[in-house]
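K.L.:
give me the fold of what follows.
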Amino acid sequence: MALSHELYLSALALALTLPDTCGKAEYPDEDHNGVRYRNWCSQYVITDRCDSPYGYDMPYLNEEIIYSLRNSLLHQSTPNVEKSTIRESRCKIDKFELVATKENSANGDLSMVSYGKDMCIVHRELQVHISHLCYILCTAAENYYRNNKGKFDFIKYSIVTRE
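P.N.:
A predicted model of the protein is given here:
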């Protein structure tokens, strides 16, 4: 709904919270939210991306990038990725861009690498379509919930509306 109203950052913020909830359901004994989040994304969202046709030098959307984006957007209101938080060397990107388009793009992300002397990498870039990232996060969470409803018994709340 948020995407259809061109509320791109709202849609992205909401989608980026889904692995928090699903990670708590999947790994209830893990105390560290970041470990739960990245493990759940690795297992259910980014299952085959590093072996995709990008090649060995190209950055790709991995669980560390998604988690870094989540932290930056939800804690600092900045939709960016902190290079210093990424452990996988090929995903240490120098430039990160989100793409907001009205069309539902089949393109998920675009990676670019610049080579310097002796074919050493001097710059890495990654563009991610917001609609695609929202789609893969929401689809993974929906599928996970359908197959694991019993694991969500930790969610207990009450909302009272007053006029």
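K.L.:
rest of the way, CA atoms for contacts and neighbours
P.N.:
OK.
K.L.:
for the residue nearest the centre of the chain, pull up the helix or strand it's in.
P.N.:
For the chain, the residue whose C-alpha lies nearest the mean C-alpha position (Cα atoms, centre = their mean) is I66; its distance is 2.9 Å. Following DSSP states H and E, the helix or strand that holds I66 is helix 63-76.
K.L.:
helices and strands around the very next helix or strand once past that helix, which ones?
P.N.:
Under the assignment DSSP H and E, the closest C-terminal helix or strand after helix 63-76 is strand 95-99. For strand 95-99, the contact count by 3 or more Cα pairs under 8 Å, 6 or more residues apart in numbering; DSSP states H and E identifies strand 121-129 as packing neighbours.
K.L.:
next, the angle helix 63-76 makes with the strand it packs on.
P.N.:
Here the directions of strand 121-129 and helix 63-76 differ by 70 degrees (axes from the mean of the first three to the mean of the last three Cα atoms, to 10 degrees).
K.L.:
what average pLDDT does the following helix or strand past strand 121-129 get?
P.N.:
On the C-terminal side of strand 121-129, the nearest following helix or strand under DSSP H and E is helix 130-147. If you average the pLDDT over helix 130-147, you get 96.
K.L.:
check stretch 8-24 too.
P.N.:
Taken as a whole, stretch 8-24 has an average pLDDT of 97.
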